[in-house]
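Student: my questions concern the predicted model and sequence given below.
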Amino acid sequence: MSPFILGEWTVHPALNRITRGEETIPVEPRVMHVLACLASRPGDVLSRDDLLEWVWGETIVCEESLTRTISELRRIFGDDPRNPQVIETIRKGGYRLIAPIEPVEGAPAGTTFEALPDTGKPTGVPPLVVWTLVGLIAAAVAVVTIVWPPRSRAPARPTALRGSPFTSYRGHERFPAISPDGTQIAFAWDRDEGSDYDIYVKQRNTESPLQLTDAPENEVYPTWSPDGSTIAFLRGGEEGGIFTIPVLGGPETRLLRSRGLGPGIDWSPDGELLAYSAIDSAGGAGSIRFLSLATRESTVLTHPAPSFQGDFYPAFSPDGRSLAFVRSDDAYMHDIYLTRLPDGEERRATFAQGQVVGIDWTRDGKELIFAAAPSGNFSLWRLRVGDGRVTLLPTQSDLSLCPSVARTGRSMVYEELTFETDVHQINIGRRDRGELESEPLICSTRLDYAPSYSPDGRLIAFISTRTGHREVWVCDSDGGRPRQITRFAGPWILQPQWSPDGRQLAFSVTTSGHFVIHVADLEGGLPRPVFPEDRHQVLFHWTTDGRWLYYGADPGTGWRIWRVSPQGGEPEEAISDGRLIIGPSADHEALVYEKLRDGGLWSRPRGGGEETCLAPGDIIRTWITAIPAPDGIFLTTPDAGGALLAHYTPETGIIDTLLHFPRYSGSTLALSPDGGTMLYDRTDDAQRDLILVEHLQ
């Protein structure tokens, strides 16, 4: 939709921006979409149902989402709902736009304006607006003709796939691969939590699987040869690489020795190549490579940007003319790419899928089925290769991963994951007496994680999927009185950070395929983007004077640390050699960060000055999370079945191990302002089973 004038404001739908003179207000895409719908029929009453369908499409949201959107528009325009001048609420009817509208001066005659649908989401048909300038009347007043097409019904929701458990063993059954004829399934199984994974094969209608491997290292990602006689797999450890083994058992054959293998492997339909992901010994992004079974030589197929995490999960099309794979960018966000073979020309097939874990082709090669979490939990999705349309493939499982489709028949198998993540607390003040114990603080039947204390310690912000989507919540410091702050109903959200006065929360949220920093007022109103741009903004923290938000971004020359005003404006580079900001020091007088090239944790005074090394690179090379404390730095490092909580004292160089986290999820540590309580994420009751679908449509 082209710009238009609404009262004293100029609305720029394509830019998600509203201006008045020199004042510019960035607007959320959904908020702009609602405004565009109302502007397409000024004076007419649009029902709540129509607006929900046009703007949110198939996304399940409550009417409160629309109410909050209207409230945000009124806040922007300074409109009083009791005496409206812009948007009027019609009781039991809906909303109508009552402010005068006119096209921007200079718009050419016959220009077409369209209310844009929300990108990446299936929606009903949005209103189409045709503004035709038919002449000048009196004092050059434009006459506007509006064409309104009939409402289109949203497509019916597909029914959930009917599947039955193929395995239900103790431990975790992972990375299933169904045989070409659909009669057998290979998978990795650890038999019990904490042990290594081995490769197994199980036929239908049998209970006991056949164990193929029994090495002390993990063997994962089995894939079938086209004739169904052999299985290739990946092995980790010092002697790791790519191996093959007969399906009926027998001696292994090593095809490639490598320790730098990424997720996924696939066998070409002609049986001549294996596609896999690998990282050079010198580091960098992982790339997809071909291994010739005849010569044992490898060739590189894809070349992701050096700042990206790399390419994974290769999958050959049934005719062998295309290869699909997952690309992880510099903020660990995933999308599917397609490469035409043999020339290697690639194109991006999806946008803003969040995280992708496993892809496979349908037997006709017209669609891809993949597991992704663009919002909420992992689900299965269909990608129509011809036009790029993505639709949900609902299952009866809460979390669905790693689909595998048979090349004959209509069978599919996928991995079902069940787990629960809660926020636990530790009384750090008791560590000198050796009495550290953790106990649950924020719990529900959904995911609760990424806690953050308010400056006064009275509130805790966290992320929860209690509504079915990731949203920011706030509760009291004892875990009581939880209340929802955001209602995005879809995007990924990273850990919220408090403003120094405790009145606002800042966080990164995916909009238009990129993480963009948003700020939300605790008193209400929709979160607003700070500085929209076409690159990821991974928020680190808010400065203690409230003037700056520090974040990480890659402008095309490598990952850097930047800062931007919470009110917006142009960002500026803050630390050219920084990779990750841990946060302010305990006394809030310095900035603590990890250096990109030298490694280690460093500190720099908030007002500028010389940097100081707090912990050398060899100390933190295996760290998961770190948080500054008044007497040192708390660190977590990997450990069997979880992680270890340790305390490092820079003055002495001593590391004290404090506590074993049995099921640390590895995403967050939070220390209360008084230094007495620590919060962390804990995952419990994780189980993985394989689900077999007999009749995939």
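Tutor: Received, thanks.
Student: neighbours of residue 447, how many?
Tutor: 21 (other CB atoms under 10 Å). For the C-beta atoms, the positions are set from N, CA and C on the backbone; glycine is no exception.
Student: next one: the one 3 residues further on
Tutor: A total of 24 residues lie near residue 450 under the criterion other CB under 10 Å.
Student: again with the one 3 residues further on
Tutor: Applying the criterion other CB under 10 Å, we find 21 residues in the vicinity of residue 453.
Student: contacts only, for it.
Tutor: By CB atoms under 8 Å, 6 or more residues apart in numbering, the contact set of residue 453 is 459-460, 477, 498, 670-673, 679.
Student: run the last query once more with 10 Å
Tutor: 459-461, 477, 498, 502, 670-674, 677-679 (CB atoms under 10 Å, 6 or more residues apart in numbering).
Student: just the helices in the stretch 401-550 of the chain please.
Tutor: Here the stretch 401-550 of the chain has no helices by DSSP state H, counting those that start in this stretch.
Student: now, the most widely separated pair of the contacts of residue 453?
Tutor: Spanning the widest gap among the contacts of residue 453 are 502 and 678, at 19.8 Å by CB to CB.
Student: related to what we said a few turns ago, buried among the contacts of residue 453? Make that a ChimeraX selection.
Tutor: A single ChimeraX command is used to select the members of the contacts of residue 453 judged buried by 16 or more other CB atoms under 10 Å:
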select :459,460,461,477,498,670,671,672,677,678,679
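Student: can I get the contacts of residue 453 in JSON lines including distance to residue 293?
Tutor: Formatted as JSON lines, the contacts of residue 453 follow (distance: CB to CB, whole Å):
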{"residue": "459", "distance to residue 293": "59"}
{"residue": "460", "distance to residue 293": "55"}
{"residue": "461", "distance to residue 293": "53"}
{"residue": "477", "distance to residue 293": "60"}
{"residue": "498", "distance to residue 293": "56"}
{"residue": "502", "distance to residue 293": "62"}
{"residue": "670", "distance to residue 293": "51"}
{"residue": "671", "distance to residue 293": "54"}
{"residue": "672", "distance to residue 293": "58"}
{"residue": "673", "distance to residue 293": "60"}
{"residue": "674", "distance to residue 293": "62"}
{"residue": "677", "distance to residue 293": "57"}
{"residue": "678", "distance to residue 293": "52"}
{"residue": "679", "distance to residue 293": "51"}
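Student: ok, the contacts of residue 453 vs residue 429, which is closest?
Tutor: Proximity of those to residue 429 (CB to CB) peaks at residue 677, which lies at 7.8 Å.
Student: just give the closest residue to the closest one, not the sequence neighbours.
Tutor: Closest residue to residue 677 apart from its sequence neighbours, by CB to CB, 6 or more residues apart in numbering: residue 425 at 5.5 Å.
Student: what's the neighbour count on that neighbour?
Tutor: 22.
Student: does it touch residue 443 like I think?
Tutor: No: Residue 425 is beyond contact range of residue 443, at 11.2 Å (criterion: CB atoms under 10 Å).
Student: which residues are common contacts for those two?
Tutor: residue 479.
Student: and residue 488, how far is that from residue 192?
Tutor: 39 Å (CB to CB, to the nearest Å).
Student: of these two, who's got more company?
Tutor: When residue 488 and residue 192 are compared for neighbours, residue 488 comes out ahead with 23 against 10, by other CB under 10 Å.
Student: correct me if wrong: the more buried one contacts residue 511.
Tutor: Yes: Residue 488 is in contact with residue 511 according to CB under 10 Å; the separation is 8.8 Å.
Student: name the residues contacting each of the two.
Tutor: Joint contacts of residue 488 and residue 511 (CB under 10 Å, 6+ apart) are 28, 30, 518.
Student: surely the second one is in a strand?
Tutor: No: in this structure, residue 30 is helix, not part of a strand, as judged by DSSP: H, G, I helix; E, B strand; the rest coil.
Student: count the residues that sit near it.
Tutor: Residue 30 has 25 nearby residues by other CB under 10 Å.
Student: please apply the same query to the last one.
Tutor: Using other CB under 10 Å, the number of residues around residue 518 comes to 27.
Student: pLDDT wise, what is it at?
Tutor: Note on residue 518: pLDDT of 94.
Student: give me every residue that touches residue 186.
Tutor: Taking CB under 10 Å, 6+ apart as the test, what residue 186 contacts is 175-179, 199-202, 209-210, 212, 221-224, 231-233, 245, 247, 404, 413.
Student: return the distance of the closest residue to residue 534 other than its chain neighbours relative to residue 446.
Tutor: The shortest distance from residue 534 to any non-neighbouring residue, by CB to CB, 6+ apart, is to residue 514 (6.3 Å). Distance, residue 514 to residue 446, using CB to CB: 26 Å.
Student: neighbour count: the two, which is higher?
Tutor: residue 514 (20 against 17).
Student: that one contacts residue 537, doesn't it?
Tutor: Yes: if you go by CB under 10 Å, residue 514 and residue 537 touch, sitting 7.4 Å apart.
Student: and for these two, which residues touch both?
Tutor: With CB under 10 Å, 6+ apart, residue 514 and residue 537 have common neighbours 331, 508, 553.
Student: most surrounded residue in those residues?
Tutor: Counting by other CB under 10 Å, top hit in these: residue 508 with 27 neighbours.
Student: contacts only, for that one.
Tutor: 331, 491-497, 514-518, 530, 536-540, 549, 551-552.
Student: give me the beta-bridge partners of it?
Tutor: Taking DSSP bridges as the rule, residue 508 bridges to residue 517.
Student: give me the most central residue, the chain.
Tutor: The centroid of the chain falls nearest to residue 354 when counting by CA atoms, centre = their mean (3.3 Å).
Student: can you pull out the strands in the stretch 501-650 of the chain?
Tutor: Here the stretch 501-650 of the chain has its strands, by DSSP state E, counting those that start in this stretch, at 504-511, 514-521, 528-529, 538-542, 549-553, 560-564, 572-575, 578-584, 590-595, 601-605, 612-615, 625-629, 632-639, 642-649.
Student: now the fifth one: how far from the chain's centre is it?
Tutor: Centre-to-centre, strand 549-553 and its host chain are 18 Å apart (CA atoms, centre = their mean, to the nearest Å).
Student: ok, then the element right after the longest helix seen in the chain?
Tutor: Determined from DSSP state H, the single longest helix within the chain is helix 63-77. Note on helix 63-77: by DSSP states H and E, the next helix or strand toward the C-terminus is strand 87-90.
Student: enumerate the positions of the following helix or strand past that next one that are buried.
Tutor: Next along the chain after strand 87-90, taking DSSP H and E as the criterion, comes strand 94-97. With burial defined by 16+ other CB under 10 Å, the residues of strand 94-97 counted as buried are 94-97.
Student: out of the residues you listed, which is nearest to residue 19?
Tutor: residue 97 (18.2 Å).
Student: any idea what the closest one is bridged to?
Tutor: With DSSP bridges as the rule, residue 97 is bridged to residue 87.
Student: correct me, but it touches residue 74?
Tutor: No: counting by CB under 10 Å, residue 97 sits too far from residue 74 to count as a contact (11.8 Å).
Student: residue 344: what's it in contact with?
Tutor: Contacts of residue 344 by CB under 10 Å, 6+ apart are 288, 299-303, 323.
Student: least confident pick among the residues you listed?
Tutor: Lowest pLDDT among the contacts of residue 344: residue 303, 91.
Student: any idea how far that residue is from residue 410?
Tutor: Residue 303 is 37 Å from residue 410, by CB to CB.
Student: output the helix or strand residue 53 falls within as CSV, restricted to C-alpha atoms.
Tutor: Secondary structure assigned from DSSP H and E places residue 53 in helix 48-56. The C-alpha atoms that make up helix 48-56 are tabulated as CSV, following Å, rounded to 0.1, in the frame of the first residue of the first chain:
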residue,chain,number,x,y,z
ARG,A,48,-13.6,-8.0,14.5
ASP,A,49,-13.9,-11.4,12.7
ASP,A,50,-12.9,-9.8,9.4
LEU,A,51,-9.9,-8.0,10.8
LEU,A,52,-8.7,-11.1,12.7
GLU,A,53,-9.0,-13.1,9.5
TRP,A,54,-7.3,-10.6,7.2
VAL,A,55,-4.5,-9.7,9.5
TRP,A,56,-3.8,-12.9,11.5
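Student: if anything else comes up later, I'll come back, but that's it for now.
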